[in-house]
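1. With the input below, show me the fold.
(2 chains)
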Protein chains: 2
Amino acid sequence: MTIYQHVALASRPKGWPTLENFRYEDKELPEMGAGQVTLRTIWLSLDPYMRGRMNDAKSYADPVPIGGTMEGGAICEVIASNNDKFAVGDIVVGRTGWATHGIADGADIRKVDPNAAPLSTYLGVLGMPGMTAWIGLNEIGKMKEGETVLISAATGAVGGLAGQLAKAKGCKVIGVAGGAEKCSFAVDELGFDACLDHKAAKDGRELGAQIKEAAPQGVDVYFENVGGKTLEAVLPNMNMFGRIAICGMIAWYNGDNVAEAAPLPAVWSTILTNRLTVQGFLFPDHQDSAAAFFKEVAPMMAAGKIKFRESVAEGLENAPEAFLELLNGDNFGKQLVRVGEDPKG
Amino acid sequence: MTIYQHVALASRPKGWPTLENFRYEDKELPEMGAGQVTLRTIWLSLDPYMRGRMNDAKSYADPVPIGGTMEGGAICEVIASNNDKFAVGDIVVGRTGWATHGIADGADIRKVDPNAAPLSTYLGVLGMPGMTAWIGLNEIGKMKEGETVLISAATGAVGGLAGQLAKAKGCKVIGVAGGAEKCSFAVDELGFDACLDHKAAKDGRELGAQIKEAAPQGVDVYFENVGGKTLEAVLPNMNMFGRIAICGMIAWYNGDNVAEAAPLPAVWSTILTNRLTVQGFLFPDHQDSAAAFFKEVAPMMAAGKIKFRESVAEGLENAPEAFLELLNGDNFGKQLVRVGEDPKG
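-> Numbers count the residues shown, from 1 in each chain, chains lettered A, B, ... in the order given. The predicted model follows:
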């Protein structure tokens, strides 16, 4: 009998989650069956979508049951195998969740090359957030050279790569982020043309005026990660036939800032008058784009052209606190948890 | 010196327009110049978009100036011509506005065949509203055979044809209209599978439950003409990857029903979770589709397969009252004003 550790959903949050909604505890690992492999988690990815899984509401995926393991993508090492396709020592991306170990069928894991890039990047620029950035800009936002792209949560795991991909495409790129440090990073390191601090703007109107100043030609593609006052600020700046790719709306996940949201009739009117296209998208629907994504981004990564930043929490027991910081925008870049030793250092 | 009559915008409405916002008066017709023609208006079209032109705000088109002629499409007869392409007696579609006569350059009028269909239909099923219906369903809504299409303002000039085109495509078609008489007409005459009376539903939630009953399989395409509680009712019924084609939002044009609108965060969340595409569109951007539209609809019209209904106001002086009724949903079908004698009867 093998004992491992996981973080269970102890209770459902009302509004903002707290540490009491999580429980770090021992658990018994099931027997490894035919065709299965046993995994040791190295890196766990923390992402805003996990907030939705804590609610007792069917969204695009089922909620995590009370007492169940919090879901999540992870980089793992194969430590035992009943599957010909995976050998002990292989590094894979899987969905073991917030747990030190897990059992996987071959179908739910994918080998990665441990020598091509740092392992953690397969959860970031080379993983789900990176592909989300690519899909949102290309398939949903349909960005074209010379257009102006506005990216909220500009230094986040998705936004940071989105900005660099849009610059590489020849777009003018405006970011919105929380705090002067993040804004400087977006411009100085990631190469954004400008980045506006939403925390320094007293409301959506003031932020909107700053966007207008930074992008007097208007915005063609808005990569929407946040909702809230940033959305209110961007809308009046959208150009005719602009596209809004809705990837997330973290400002509203915990039920606050809702009353202050822009009124729907005004938003609907802007969509009609400016002939906007507003489209929601989720990474799992676009797996077919992985090849095109890697073809473009892997060489950029190999050439050292992609900048990224990570926030690392040490130890699975610290995952809940890191997740709360992520929801609050207190982290910086891709949020990871180092669950076990990384063989690549 | 020739005197004609027009309806001027006397003042800008605050909220709902009143008769005092309009002024019916004599005006002097300019001299007909080289290449120009003189037109006599037969039929004037009244359409909801005209409400927007009464506001002092740049929308997708310039506002009508105070004292200027209210804009509008019309069927006219050429009564004098300095243009080789147009002979006296020709029937044309033009934009003379709310006026008994007008001067036009050749570029802003288009000849129609007076023997192919009743003249008034060139302002309805064979005109801008008809093309709007076709564009919304095909180019924006991307309806496919077997899908469920929901159409608000179902017996209006746009909605009535939209429903028939969707049925012809093999879709299940649900209408929403105001009043039992309109709903019966939609089902019995236009062939909708069901039509729900928004006036009989106390709120969007109740209407939404009725939509769920009429379309338990969900809605794939929503042809949005109204906003208000109908939008609130439709949203929770939208299927994954559904499309919302925003054509109008008459419930909000006069500034009421705005406070009761669904909250933006909930709408945004539905768009993301259900991966919806919401797109605003305006007829003038899609003139290239006219050929495809006529190819499909003209034979249906010639074969007597298209049903339509008209509300006719007699005399230009009655245009303002008819327009107010249109905004209030008191008319039934395509709203027209008979400005002058129709040579076809």
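
2. And the average pLDDT for the host helix or strand of residue A:296 is what?
-> Using DSSP states H and E, residue A:296 falls within helix A:290-302. Averaged over helix A:290-302, pLDDT sits at 95.

3. Check stretch A:186-206 too.
-> Summarised as a single mean, pLDDT over stretch A:186-206 is 97.

4. now the helices for the stretch 151-300 of chain A?
-> Ranges of helices in the stretch 151-300 of chain A, per DSSP state H, counting those that start in this stretch, are A:157-168, A:180-188, A:204-214, A:228-234, A:264-273, A:290-302.

5. And those: which comes nearest residue B:297?
-> Residue B:297 lies closest to helix A:264-273 among the helices of the stretch 151-300 of chain A, at 23.8 Å (C-beta to C-beta). Backbone N, C-alpha and C define where each C-beta goes, glycine included.

6. Helix B:264-273 and the closest one, what's the angle between them?
-> With axes from the mean of the first three to the mean of the last three C-alpha atoms, to 10 degrees defining the directions, helix A:264-273 sits at 50 degrees from helix B:264-273.

7. which residues touch the helix holding residue A:296?
-> With C-beta atoms under 8 Å, 6 or more residues apart in numbering or on different chains as the test, helix A:290-302 has contacts from A:116-117, A:121, A:125-126, A:130-131, A:134-135, A:138, A:161, A:164-165, A:168, A:306.

8. hmm, try it at 7 Å
-> The contact list for helix A:290-302 (C-beta atoms under 7 Å, 6 or more residues apart in numbering or on different chains) reads A:117, A:125, A:126, A:130, A:131, A:134, A:306.

9. Reformat those residues as a markdown table; add distance to residue A:177.
-> A markdown table is the format used below for these (distance: C-beta to C-beta, whole Å):
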| residue | distance to residue A:177 |
| --- | --- |
| A:117 | 25 |
| A:125 | 17 |
| A:126 | 22 |
| A:130 | 18 |
| A:131 | 21 |
| A:134 | 20 |
| A:306 | 18 |
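
10. So of those residues, which two are at opposite extremes in space?
-> The most widely separated members of the contacts of helix A:290-302 are A:117 and A:134, with 15.9 Å between them, by C-beta to C-beta.

11. out of these two, which sits in the more crowded spot?
-> Under the criterion of other C-beta atoms under 10 Å in any protein chain shown, the comparison of residue A:117 against residue A:134 puts residue A:134 first, with 23 against 18.

12. how about the more buried one, phi and psi?
-> phi -60, psi -50 (degrees, to the nearest 10).

13. Show the contacting residues for it.
-> Counting by C-beta under 7 Å, 6+ apart, residue A:134 touches A:165, A:289, A:293, A:297.

14. now it: how far from residue A:298?
-> Distance, residue A:134 to residue A:298, using C-beta to C-beta, to the nearest Å: 12 Å.

15. can you check residue A:159 too?
-> 20 Å.

16. Comparing the two, which residue is more hemmed in?
-> Ranked by neighbour count (other C-beta under 10 Å), residue A:159 and residue A:298 place residue A:159 first, with 30 against 15.

17. Test my guess that that one contacts residue A:151.
-> Yes. Between residue A:159 and residue A:151 there is a contact under C-beta atoms under 7 Å: 4.8 Å.

18. what's the overlap in contacts for those two?
-> Residues touching both residue A:159 and residue A:151 by C-beta under 7 Å, 6+ apart: A:175, A:223.

19. quick one: contacts for the residue nearest to residue A:331 when sequence neighbours are not counted?
-> Leaving aside its sequence neighbours, residue A:331 sits nearest to residue A:311 (C-beta to C-beta, 6 or more residues apart in numbering or on different chains; 4.0 Å). Contact analysis of residue A:311 by C-beta under 7 Å, 6+ apart lists A:331, A:332, A:333, A:335, A:336.

20. Residue A:10: how many residues sit nearby?
-> Neighbours of residue A:10 under the rule other C-beta under 10 Å: 15.

21. hang on, the earlier thing: looking at the contacts of residue A:311, spot the one nearest residue A:322.
-> residue A:335 (5.9 Å).

22. pLDDT of the strand or helix carrying that closest one, averaged?
-> Per DSSP H and E: residue A:335 is located in strand A:334-338. Across strand A:334-338, the average pLDDT comes to 98.

23. just to revisit the earlier point, next, the buried residues of the helix holding residue A:296.
-> By 16 or more other C-beta atoms under 10 Å in any protein chain shown, the buried positions in helix A:290-302 come out as A:293, A:297, A:301.

24. that's a strand at the residue nearest to residue A:331, yeah?
-> Yes. Counting by DSSP: H, G, I helix; E, B strand; the rest coil, residue A:311 is found in a strand.

25. roughly how far apart are it and chain B?
-> 25 Å (C-beta to the nearest C-beta, to the nearest Å).

26. bridging residues for that residue?
-> For residue A:311, the beta-bridge partners under DSSP bridges are residue A:335.

27. circling back to that earlier point, so what touches the strand holding residue A:335?
-> Contacts for strand A:334-338 (C-beta under 7 Å, 6+ apart): A:43-46, A:120, A:123-124, A:129, A:157, A:308, A:310-314, A:316, A:318-319, A:322, A:326.

28. From those, list just the buried residues.
-> With burial judged by 16+ other C-beta under 10 Å, the buried subset of those is A:43-46, A:120, A:123-124, A:129, A:157, A:308, A:310-311, A:313, A:316, A:318-319, A:322, A:326.

29. Could you pull up the residues touching residue A:274?
-> By C-beta under 7 Å, 6+ apart, the residues touching residue A:274 are A:238, A:240, A:242, B:280.

30. please redo it, this time with the cut-off set to 8 Å
-> Shown in contact with residue A:274 (C-beta under 8 Å, 6+ apart): A:238, A:239, A:240, A:241, A:242, B:60, B:280.

31. Now do it, the pLDDT please.
-> Looking at residue A:274, its pLDDT is 96.

32. Got phi/psi on it?
-> For residue A:274, the backbone dihedrals (degrees, to the nearest 10) come out as phi -90, psi 10.

33. that older thread, buried ones among the contacts of residue A:274?
-> Neighbour counting over the contacts of residue A:274 (16+ other C-beta under 10 Å) leaves A:238, A:239, A:242, B:280 as the buried ones.

34. my guess is the third one contacts residue A:223, does it?
-> By that I understand residue A:242. No. The pair formed by residue A:242 and residue A:223 falls short of the contact definition of C-beta atoms under 8 Å, at 11.7 Å.

35. about what we covered before: turn the contacts of helix A:290-302 into JSON lines, including pLDDT and secondary structure.
-> Shown next, in JSON lines, are the contacts of helix A:290-302 (pLDDT from 0 to 100; DSSP: H, G, I helix; E, B strand; the rest coil):
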{"residue": "A:117", "pLDDT": "94", "secondary structure": "coil"}
{"residue": "A:125", "pLDDT": "96", "secondary structure": "coil"}
{"residue": "A:126", "pLDDT": "96", "secondary structure": "coil"}
{"residue": "A:130", "pLDDT": "97", "secondary structure": "helix"}
{"residue": "A:131", "pLDDT": "97", "secondary structure": "helix"}
{"residue": "A:134", "pLDDT": "98", "secondary structure": "helix"}
{"residue": "A:306", "pLDDT": "96", "secondary structure": "coil"}
